[in-house]
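[1] next one to model:
(2 chains)
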Amino acid sequence: MAKQESKYGVQAGEPVGVIAAQSVGEPGTQMVLRTFHFAGIAASIATSGLPRIIELLDAKKTPSTPISKIYLNESSKKSFAKADEVAKKISEIEMRSITRRIVEDFSKGKILVMLNAQAMQAADLTAGHAAARLKKDLGLDAKVGKHGNIVIGTHTKNLKEVRAIAVKLTKSIVNGIEGAGRAMVAQDQKTQEFYVESAGSNIEPMMEIDGVDSSRIYTNDIFEMYRVFGIEAARTTLALELKKTLEEQEISVNERHIALIADAMTSSGTIQSIGRHGLVGKKESVFARAAFEETVKHLINAAAFGQIDYMRGVTENILVGKQIPLGTGSVKLSIKREEGKKKK
Amino acid sequence: MSMQAEVIKQIKFGIFSQEQIKKLSVAKLTVPDTYNEDGYPIDGGLLDQRLGVIDPGLVCKTCGGRAKTCPGHFGHIELVRPVMHSEFAKIVNMLLQATCQKCHRILLNDEQLGAFKAEMNKELSEETPAAEQAQGKQAEQDMLKKLKSVKKCPHCGTVQEKLKFSMPTYFYVGERRLKPDEIKDMLAKISDEDLDILGIDSKTSRPEALVLNTLLVPPVDVRPSITLETGERSEDDLTHKLVDIMRINQRLEQNINAGAPQIIIDDLWELLQYHVTTYFNNETSGIPPARHRSGRALKTIAQRLKGKEGRFRYNLSGKRVNYSARTVISVDPAIDVDEVGVPRAIAEKLTVPFYVTEWNLEEAKKLLASNQYPMVINVVALDGKRKRILDTNKEELLKEIKPGYILERQLKDGDLALFNRQPSLHRISIMAHRVRVLPGKTFRITYPATIPYNADFDGDEMNLHIPQTLEAQAEAKYLMEVQEQIFSPKDGNVIIANGEDGIIGLFALTQDDTYLDKQETEYLLGTAGIREMPKESKGHMYSGKDIFSLLLPKGLNFEVQSGNDKLKIKNGSLVEGVITKRAYGLGGGNKLFIAIARDYGFEELRRFIARSSKMAYAYATMYGVTMGVKEYIINDDMRKEKEMLLADTQKKVDELVNQYKTKKLEPLLGLTLRQSLEQMIIVELDQARSKAGYALSRNVDKTNFAMLMANSGARANILNFEQMSMFLGQQATWEGRRIKRGYYTGRVIPHMQRNDVGASARGFISSSYVDGLNPIEILMHAVGARGAVIQKGLLTQRSGYLQRRLANALQDYYVLFDSSVRDVGNNVIQTLYGGDGIDPTRVNFAKEEQREKEK
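    Residues are numbered from 1 along each chain as shown, chains lettered A, B, ... in the order given. Presented below is the predicted three-dimensional model:
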């Protein structure tokens, strides 16, 4: 490993972990949920400030406001029309948002879906499109009937089965990608390119769409990044999201601290949270865990299994009154001082 | 000093077996009572004198020590019937589920067992990476879960009955309840090998010990009784609980001996179980907590350990210290940034060790002989005994001292002290200052030093600690002194710098038209301790810039340009520009400090801060910086402009509302019409406010002191000015929405039209603080203020917990000599810290260096 030679390098022994923790934690109180007046972009409704930081460090399985950015390839990114086409393919429209009423005909085993013409128009959908989608997704015998309604044949007269299908119907989607949320075309301020932003996250199917540059696709869902691209992508996303959130609040924190936190959370190969279920809960030392949270539980388990605390960490050594093994305490070499003994 | 005899290398946990308890115990306790009528501990009672003594005058019957010297000794109670240890019930359940009910072997065939063993070994091995260890743990958990559903023992073929565990301590096989003695038998029959496979160290943690036959009784010192003023004795909660246990134990014994019916015995047994359970943990779920006579729940063993006020966090992670002081803080502009003013009374109490060696013996004797202020208070002899110096033993001690003795001397000027203000949110909440003994009763610090502490002088108190060993003093000096902390570890920006008076003074001094006569110049330089004169200009006058230049290090070259502001220092003299917060104050814009620290060192920078602030204060006083309401009263022209601005805004908002109502409004991308309107109005109102601020900065005289403060960055900004002189603007926005809720449908208060979405109906205030607010505006303002207070309270709580979690999670990471980051278990977190190994505290230095290289 080539070491960077610089006058301004870190000192050996420096407790960079604590410094990173303090650097991110200390400005926490300054994070007011300030209002931002970015006129126009739906993304400004995203969780921000301290709640977002906590959500990231907690390693929550899904963000409370998932947002994905779908960048387009060279041929599509210059044109709004092409971008809009992609957005239409992504934008998730639920059945219930376009239906007026669903009528079940149990005697014939048919379901009549009466559509809301206004909503259909707003969503730029046709009944044929919706019916085709239902056929494809649910394998239903959906056809466009009179007055632009959708008629579904269930091939059964069982009351329960018909009802189950009707329920399934209301929850199904008629357009776009499941979980993708509403998608919209946005324009990058810097490069002027068009891209699609959606208020949901399901990037795997998004990547399949024509015109999408799958190498640049982005979501603020750390776990989705992990599933699709692996731990390194998750680490980068985590660091990016932390950085972005802090910057939004006009808090300057050096990226080294953010990077260390992201590395710490992902260095095991999976995403671990900052807290009793993650990094702290998995510590080697019984005392370190006991001194954090769930004191009794950790002591009881240690006793039952006959565990050993090797006194290697910071907390354990503080508890017993020993010098901590970081900073000046990490130096193993020492000189034996012979006090008052005469030389010669 | 260091007399560390043994170093704790590791701590092993385990369970005391019955035999170990008996061996450890010095007394079998039989009497469920404490003191007799004469007030003496009863033999065989819970405060038996063999368990140690706490009353002065009594002698321990085990070690012969008195209250101070006897460490206390354990006793034991023999329970007539065994009871479960409730805290371990889950583990007992795991063991019972995992083993055969007849042959007591693990319910796995040999092949599965081998796989399981391998998984366990991998997990326990130190070489296994953390990730795989976690996987191993998961595999183990899954395996244990599977064991629950094994129907037939693969070893003896016995069909397993359904074993049910019910909190806190009940076990059933089928419908039949297992009694603790049966459980004990079952656990005892699990072989050592099988336990080891399950990850239990059979040598120290035999599970049958989890069913208690004997109960270890802690020494009296652990549960001291207190005597109230009335002479009444009050026992510790643990003693109370032990009395309960012994009483029931005795009754149970009597009933068994008397041949009482089984149902009565079972009831008493159950009661004994209850008392033992609550003795360990009085918050066990599923059972009511044992209460004191007053109704207060008893604080038993688990309660002593856990939580913020528990043993771990309160006494072990946080320790009380000696050689420290605490008092109110206040400012002192006359001392140096790296000094702390210490009241004489405190300086006389606190001590610094003077280590006597053969080379300083004479000095030591002189010090010891002194009867005046910095004098010796204690002498620590070679055996570590501390003697207080009195007039009577001084002569004797003078003869006695020799190398190896330690004299504890009173604190004096120049000693190092650590200064701290809670909450200690970052490492610069503790810094080393040099002591300056002063009259008065408060600690004194300078303005620049308040910033890292986040201190002000409205009654804040701070703590002072005196490092006692030479190592500690050296570390304080080289790592913790104030000048070392001028650049924040958070982002490398300046965190110790002048503000307020310190900036406005220099701002006024370095204006192009500032010229002072000889007397004024001499006075200014004198306050900063400079004994040379600048060159004369404009007759016999001296320019402000030249005077300021004398503060700068000789030969400094520096140039910075940000926007229209330019600061140019050539060969140690300020040739162009004015000192403002951007170049001289807190934050990332302060490149001047970086230049000084990089080329001249922190000591020089510290001197610059100290001397320049003294000069700034002197000039601010001389200049006559003063503030009053008059600064914020605007002239008629401005008033007219304000009215126009407000009318214009009103018009624009009205038009937006109109467009909205007639559905002509073009919605913003991705928003509904209503949301779009809201957004547009907020933007419009916000613009009105910034326009008002701009109008102010354009029209108000530059010599207006409020303007002076805002422009120099000393205090306040144009927004504050604008709110006082022009209008307050939009109040109570929450996540980008204006106030709209109220008890009255469609309006905030009944003084408004229903569904009015205009500016003033939704919290826009067009009055200024100087003019005063109308009642509706007052309400809107209060809504905003109340919201802010609630937010702040919530936020501090949440961020405090976040801080604690972060620190606990990351505290073991440090940089090794190869610049890699590892935890104390040697797991690599980063191969090169931050990707380049640069210290974040010095990033700005590195950046400057990079910039120069590129030039």
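[2] so where do the helices sit in the stretch 601-750 of chain B?
    Per DSSP state H, counting those that start in this stretch, the stretch 601-750 of chain B carries helices over the ranges B:602-623, B:636-661, B:673-699, B:705-712, B:718-725.
[3] in CSV, list those along with mean pLDDT and distance to A:Glu193.
    All C-beta spots, glycine's among them, are computed from the backbone N, C-alpha and C. As requested, those are arranged in CSV below (pLDDT from 0 to 100; distance: least, CB to CB, whole Å):
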stretch, mean pLDDT, distance to A:Glu193
helix B:602-623, 93, 46
helix B:636-661, 91, 31
helix B:673-699, 86, 24
helix B:705-712, 89, 40
helix B:718-725, 90, 36
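[4] quick one: closest of those helices to chain A.
    Shortest distance between chain A and these, using CB to the nearest CB, is found for helix B:673-699: 5.1 Å.
[5] now for that closest one, which elements pack on it?
    With contacts taken as 3 or more CB pairs under 8 Å, 6 or more residues apart in numbering or on different chains; DSSP states H and E, helix B:673-699 sits against helix B:636-661, helix B:705-712, helix B:718-725, strand B:729-730.
[6] list the buried residues in that helix.
    Buried positions in helix B:673-699, judged by neighbour count with 16 or more other CB atoms under 10 Å in any protein chain shown: B:675-682, B:684-685, B:688-689, B:691-693, B:695-696.
[7] report the angle between it and helix B:636-661.
    170 degrees (axes from the mean of the first three to the mean of the last three CA atoms, to 10 degrees).
[8] point me to the residue of the stretch 51-200 of chain A nearest chain B.
    A:Met184 (4.7 Å).
[9] return the distance of stretch B:60-72 from the chain's centre.
    Offset of stretch B:60-72 from its chain centre (CA atoms, centre = their mean, to the nearest Å): 39 Å.
[10] could you dump the helices of the stretch 601-750 of chain B to JSON lines with distance to A:Ala122?
    Shown next, in JSON lines, are the helices of the stretch 601-750 of chain B (distance: least, CB to CB, whole Å):
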{"stretch": "helix B:602-623", "distance to A:Ala122": "63"}
{"stretch": "helix B:636-661", "distance to A:Ala122": "18"}
{"stretch": "helix B:673-699", "distance to A:Ala122": "12"}
{"stretch": "helix B:705-712", "distance to A:Ala122": "49"}
{"stretch": "helix B:718-725", "distance to A:Ala122": "41"}
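[11] need the longest helix for the chain.
    If you meant another chain, say so; for now it's chain A. Identified as the longest helix of chain A according to DSSP state H is helix A:231-248.
[12] not quite, I wanted chain B
    Taking DSSP H as the criterion, chain B has its longest helix at helix B:775-810.
[13] list the helices and strands that one packs on?
    Judged by 3+ CB pairs under 8 Å, 6+ apart, the packing partners of helix B:775-810 are helix A:16-25, helix A:49-57, helix A:255-266, strand B:764-765.
[14] next, the angle helix A:49-57 makes with that helix.
    Orientation check (the same axes, to 10 degrees): helix B:775-810 against helix A:49-57 gives 30 degrees.
[15] out of the helices and strands packed on helix B:775-810, nearest to B:Phe558?
    helix A:255-266 (26.7 Å; CB to CB).
[16] list, one by one, the residues from the stretch 451-600 of chain B near chain A.
    Applying CB under 8 Å from any CB of the partner chain, we find that the stretch 451-600 of chain B lies next to chain A at B:471, B:475, B:479, B:489-493, B:588.
[17] just the buried members of those?
    B:475, B:489-493.
[18] any regions of chain B where pLDDT drops low?
    Applying pLDDT under 70 to chain B picks out residues B:1-5, B:119-140, B:669-671, B:733-736.
[19] re the thing from before, any chance of the helices and strands packed on helix B:673-699 in CSV, plus mean neighbour count?
    As requested, the helices and strands packed on helix B:673-699 are exported to CSV (neighbours: other CB atoms under 10 Å in any protein chain shown):
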stretch, mean neighbour count
helix B:636-661, 15
helix B:705-712, 20
helix B:718-725, 20
strand B:729-730, 22
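[20] rewinding a little: any chance of the residues of the stretch 451-600 of chain B next to chain A in JSON lines, plus secondary structure and distance to B:Ile226?
    Formatted as JSON lines, those follow (DSSP: H, G, I helix; E, B strand; the rest coil; distance: CB to CB, whole Å):
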{"residue": "B:Glu471", "secondary structure": "helix", "distance to B:Ile226": "40"}
{"residue": "B:Glu475", "secondary structure": "helix", "distance to B:Ile226": "41"}
{"residue": "B:Leu479", "secondary structure": "helix", "distance to B:Ile226": "44"}
{"residue": "B:Pro489", "secondary structure": "coil", "distance to B:Ile226": "47"}
{"residue": "B:Lys490", "secondary structure": "coil", "distance to B:Ile226": "47"}
{"residue": "B:Asp491", "secondary structure": "coil", "distance to B:Ile226": "52"}
{"residue": "B:Gly492", "secondary structure": "coil", "distance to B:Ile226": "54"}
{"residue": "B:Asn493", "secondary structure": "coil", "distance to B:Ile226": "53"}
{"residue": "B:Gly588", "secondary structure": "coil", "distance to B:Ile226": "57"}
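[21] how close does the residue of the stretch 201-344 of chain A found nearest chain B get to B:Phe13?
    Closest approach between the stretch 201-344 of chain A and chain B, counting by CB to the nearest CB: A:Gly306, at 2.8 Å. Separation of A:Gly306 from B:Phe13 (CB to CB, to the nearest Å): 6 Å.
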